[in-house]
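Peer 1: The following comprises the amino acid sequence and a computationally predicted model.
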Amino acid sequence: MDRRSIIKHAGIAGVLAAGAAPAVHAQAAVRWRLASSFPKPLDTIYGGAETFAKKVGEMTGGKFQISVHAAGELMPALGVIDGVQQGSIEACHTAGYYFFGKNEAFAVGAAIPFGMNTRQLNAWMYEGNGLKLTREFYAKYNMVNFPCGNTGAQMGGWFRKEIKTVEDFKGLKFRIGGFAGRVIERLGAVPQNIPGGEIYQSLEKGTIDAAEWIGPYDDQKLGFNKVAPYYYYPGWWEGTLQLDLQVNQKAYDALTPEYKAIVQAAASHAHVDMQAKYDARNPTALKQLVGAKTKVLAFPKPVLDASFKAAMEVYAELDAKNADWKTLYADYRAFQKDQLLWSRFAEARFDSYMQGVTL
């Protein structure tokens with residue numbers, strides 16, 4: 001072996017001994033555009049997409065760059081799914097239930113009335129059949145989905161007048177997100193599916209009589225307390241809301257295995273990060289709203305009972321006519337029943353006790 005060959009082989013051995021990856025594993029630069037369904041001022045829910053994109057950049061040394069675009073910049077808030085499906089953008093960050101008009105099954109992985117809470121939904125997604133079943137569904141639309149944010153249980157919204165009985169919903173023009181409108185209309189209300197950035201003006205002008213968004217932190221930023229005095233809870237249509245990163249199938253398939261793993265890891269990071277931010281920020285915002293004379297009221301139990309009955313009727317009808325819905329919903333409900341049993345003996349009882357003591 002000549003001197004040059006010895007140096008060459010010694011060099012390779014040194015690299016391997018040091019644990020460094022050979023240059024053959026270097027990743028190519030990737031550029032994606034991501035459209036959000038949310039306005040930029042809502043730093044928590046819109047920020048979920050920015051958190052995801054930032055983490056992808058950090059984990060790839062800047063080689064995988066994702067530009068994030070607020071609702072209306074590239075396309076309307078409710079047009080992002082079409083953009084991903086058609087391949088005009090690589091990804092979007094949105095709530096699946098906005099698109100129940102295409103297929104009611106879009107709502108199951110996001111939020112349905114009297115559905116799971118955050119921990120239960122996470123368990124279904126990651127350890128149950130949730131991610132498997134929703135991915136089979138989204139594949140029909142040329143997309144791959146990743147959980148990418150959660151709001152936790154939401155408030156019941158802002159009303160110009162008190163809700164004392166079910167009759168008070170009759171004729172009420174209510175901005176309510178996505179699929180829950182199917183249930184609200186059974187109570188006599190008139191659901192309005194309006195993007196977040198347009199709610200304040202609609203409520204201020206009287207185009208709508210009531211509106212729900214998420215919870216104290218976002219609702220205060222949007223100024224709803226200035227145009228409606230009554231703030232109700234709970235948002236029985238959203239015991240949680242999971243946000244999704246939807247990726248165009250072709251764009252995803254073009255990624256290396258390493259980049260695919262990074263997308264998944266970054267989405268999971270953003271998923272946890274968003275929930276933590278809402279949980280940290282909502283208490284202070286709620287106290288400030290109460291200090292500003294907001295009347296925080298619980299929906300009367302008869303209203304909840306009537307809403308639950310209406311929701312079950314809607315679900316039974318969908319089971320009979322929508323095979324996609326039936327597949328997802330059956331597995332979802334079976335998982336939820338076990339989760340409720342466990343929660344009764346653990347989280348729920350503990351939380352109930354702690355909320356009644358003085359710290």
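Peer 2: Now that the structure is in, tell me what you want to look at.
Peer 1: Apart from its neighbours in sequence, what residue is nearest the spatially most central residue of the chain?
Peer 2: For the chain, the residue lying nearest the average C-alpha position, counting by C-alpha atoms, centre = their mean, turns out to be Leu243 (1.9 Å). Of all residues beyond its chain neighbours, the one nearest Leu243 is Gly149 (3.5 Å), with distances taken as C-beta to C-beta, 6 or more residues apart in numbering. Where you see a C-beta, it was placed from the backbone N, CA and C, and this is true even at glycine.
Peer 1: go on, Met143?
Peer 2: With sequence-adjacent residues excluded and distances taken as C-beta to C-beta, 6+ apart, Met143 is closest to Gln246, at 4.7 Å.
Peer 1: residues in contact with the one you found?
Peer 2: Gln246 makes contacts with 80-81, 84, 91-94, 138, 143-145, as judged by C-beta atoms under 8 Å, 6 or more residues apart in numbering.
Peer 1: Show me those that map onto helices.
Peer 2: Within those, residues falling in helices by DSSP state H are 80-81, 84, 138.
Peer 1: Okay, now the unreliable bits of the protein?
Peer 2: Within the chain, the stretches falling below the threshold (pLDDT under 70) are 1-27.
Peer 1: quick one: the helices in it?
Peer 2: In order along the chain, the chain carries the following helices (DSSP H): 3-17, 47-59, 80-86, 118-126, 130-138, 181-184, 199-205, 216-222, 249-253, 257-291, 301-321, 323-345, 347-354.
Peer 1: out of the ones you listed, nearest to Tyr231?
Peer 2: With respect to Tyr231, and counting by C-beta to C-beta, the nearest of those is helix 257-291 at 6.8 Å.
Peer 1: Can you check what angle separates that closest one from helix 47-59?
Peer 2: Direction vectors for helix 257-291 and helix 47-59, defined by axes from the mean of the first three to the mean of the last three C-alpha atoms, to 10 degrees, enclose an angle of 140 degrees.
Peer 1: helices or strands up against helix 257-291?
Peer 2: Identification of packing neighbours for helix 257-291 by 3 or more C-beta pairs under 8 Å, 6 or more residues apart in numbering; DSSP states H and E yields helix 47-59, strand 143-150, helix 216-222, strand 242-248, strand 295-298.
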